[in-house]
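In: Got a sequence here, can you model it:
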Amino acid sequence: MSHHAPAPTSPALTNAYASTTGQNRRTLDAIFRHPVAHNLAWRDVVALLTGIGDIDHRRSGEYSLHAGGEHIRIDRQHDKDVTTDNLIKLRHLLTRTGWAPDAPPLHPALPSPATIIVIDHAGANVLTLAGPEDDLPTMSAQGEELHHFVHHIKRIGPDRDREETFPGDTEFFSRVADAIGHHGRIVLVGHGKGQSNEAHHLCNYLQAHNKDAYARIATTLVADLSHMTTAELLQLGREALI
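Out: Numbers count the residues shown, from 1 in each chain. Got it, this is the predicted structure:
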């Protein structure tokens with residue numbers, strides 16, 4: 001008797017309304033209830049808008065409600081419950097921004113790519129991984145995902161430039177930074193300790209010149225680069241992202 005593995009299932013498609021839980025879900029249900037609810041607490045609306053958008057109390061007494069790039073103004077609330085007019089305006093705002101129960105589904109978020117940078121004084125390999133389930137690419141001249149950079153610099157002495165700000169260093173770090181994508185976490189894999197670890201110098205460069213990439217650094221690892229294969233180094237970086 002043969003056994004067949006179950007077919008993979010796609011993530012369920014949901015809309016913004018379906019992603020809410022607890023009191024916010026109950027508040028949305030009350031806003032879209034038919035007939036119109038007359039006992040919707042204003043404090044619950046404030047809590048909902050604070051979670052999915054923003055709310056400002058204007059000097060005129062009106063409120064400015066913001067959600068999904070849209071905004072409306074509603075009249076001042078004198079009672080603890082939302083007035084019918086304000087509730088209808090709120091319903092229109094939430095419908096336009098996708099928070100209605102019958103709003104179209106949102107596509108499931110795809111895994112953000114991850115970037116693993118293996119770097120030493122001689123050069124750097126920058127590899128972008130589309131997702132944790134992908135096979136590890138091998139080093140290949142045809143591999144578009146892998147970028148290799150050689151560090152062209154004549155070293156005058158081991159401590160002449162401890163921060164590595166010579167033009168040759170800066171140009172090297174700049175080319176590595178250009179190969180980093182704009183999304184996903186980053187793992188730096190370097191060799192050695194302190195000033196001898198090129199990953200630390202790249203980290204400092206990104207902090208000064210590419211704050212977006214610097215903010216996405218998940219961790220900096222130390223490995224014996226001379227005794228590890230590319231696949232082993234990439235697996236090391238992948239495990240750090242789990």
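In: Compute the number of surrounding residues for residue 80.
Out: Using other C-beta atoms under 10 Å, the number of residues around residue 80 comes to 10. To be clear about C-beta, it is placed using only N, CA and C from the backbone, and glycine gets the same treatment.
In: I meant to write residue 28 there.
Out: The criterion is other C-beta under 10 Å. On that basis, residue 28 has 21 neighbouring residues.
In: Would you mind measuring from it to residue 90?
Out: Spatial separation of residue 28 from residue 90 under the definition C-beta to C-beta, to the nearest Å is 10 Å.
In: Ok, residue 39 next?
Out: For residue 39, the distance to residue 90 under the criterion C-beta to C-beta works out to 15 Å.
In: can you give me the helices for this structure?
Out: 22-31, 42-52, 84-96, 167-178, 198-209, 211-215, 230-241 (DSSP state H).
In: Worst mean pLDDT among those?
Out: Considering the helices of the chain one by one, the lowest average pLDDT is found for helix 230-241, at a mean of 77.
In: That helix packs against which elements?
Out: strand 114-119, strand 123-129, strand 186-190, strand 217-222 (3 or more C-beta pairs under 8 Å, 6 or more residues apart in numbering; DSSP states H and E).
In: could you give me the average pLDDT of the shortest one?
Out: With pLDDT averaged residue by residue, strand 186-190 scores 90.
In: follow-up on the earlier one: between residue 39 and residue 90, point out the one with more neighbours.
Out: More neighbours sit around residue 90 than around the other of residue 39 and residue 90, counting by other C-beta under 10 Å; the figures are 24 against 8.
In: Pretty sure the more buried one sits against residue 73.
Out: No. Under the criterion of C-beta atoms under 8 Å, residue 90 is not in contact with residue 73, lying 11.3 Å apart.
In: anything in contact with each of those two?
Out: When contacts are counted by C-beta atoms under 8 Å, 6 or more residues apart in numbering, residue 90 and residue 73 have residue 65 as shared neighbours.
In: What residue spans form the domains of this protein?
Out: 17-96, 114-241 (automatic domain parsing).
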